[in-house]
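Undergrad: A predicted structure for the sequence below; I have some questions about it.
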Amino acid sequence: MNIQFTPAAAEAIRPELAGGLRRLKLLYDTEGCGCVVSGVPALQFVDRPGPDDREGEGDPFPFLYEPRHEVFFEPKMKIDYDAERGAFVLKSDGQIYTNHLRLLR
């Protein structure tokens with residue numbers, strides 16, 4: 001899995017990753033959705049990888065994800081940031097996954 005972070009998204013995320021103490025993780029959150037295929041993507045800062053986490057290729061920084069959720073995403077995606085709305089956008093060449101990607105701290 002590969003995610004290209006736009007310059008705006010990288011600038012918004014980079015301060016949280018300064019010092020290398022935290023990692024970025026792409027989640028597929030199914031909490032309260034009622035069905036696993038009704039999940040929503042989210043980003044989360046974590047202190048360390050979980051036992052099932054795999055590292056994805058990201059530019060300008062890598063990210064973690066759970067392989068069991070890989071089926072819900074395309075191999076190449078992009079994360080952008082809209083400063084006016086204060087919202088991240090997760091998209092690919094084929095679709096927009098969400099125009100309000102949650103960032104969990």
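TA: Structure received. Numbering: from 1, shown residues only.
Undergrad: Stretch 47-67: which residues count as buried?
TA: By neighbour count on 16 or more other CB atoms under 10 Å, the buried set for stretch 47-67 is D53, G56, G58, F63, L64, Y65. Glycine gets a C-beta too; all of them are placed from N, C-alpha and C.
Undergrad: how about the first one, phi and psi?
TA: When you say that, I think you mean D53. Backbone torsions for D53, taken as degrees, to the nearest 10, come to phi -70, psi 140.
Undergrad: before we move on, the earlier item: CSV for the buried residues of stretch 47-67, including distance to T6?
TA: Formatted as CSV, the buried residues of stretch 47-67 follow (distance: CB to CB, whole Å):
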residue, distance to T6
D53, 24
G56, 17
G58, 12
F63, 14
L64, 20
Y65, 19
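Undergrad: what's the closest of those to G39?
TA: Y65 (12.8 Å; CB to CB).
Undergrad: residues contacting the closest one?
TA: Y65 sits next to M1, K25, L26, L27, D53, R54, G56, F73 when contact means CB atoms under 8 Å, 6 or more residues apart in numbering.
Undergrad: before we move on, back to that, out of the buried residues of stretch 47-67, name the ones that lie in strands.
TA: Those of those mapping onto strands are G56, G58, F63, L64, Y65, per DSSP state E.
Undergrad: and the third one, what is it in contact with?
TA: Okay, so that is F63. I3, R23, L24, K25, L26, L43, E55, G56 are the contacts of F63 under CB under 8 Å, 6+ apart.
Undergrad: beta partners for the nearest residue to the fifth one once chain neighbours are set aside?
TA: Ranked by CB to CB, 6 or more residues apart in numbering and with sequence neighbours excluded, the top spatial neighbour of L26 is Y65, at 4.5 Å. On the basis of DSSP bridges, Y65 takes part in beta bridges with R54.
Undergrad: so how far is P7 from Y65?
TA: Distance of Y65 to P7, given as CB to CB, to the nearest Å: 22 Å.
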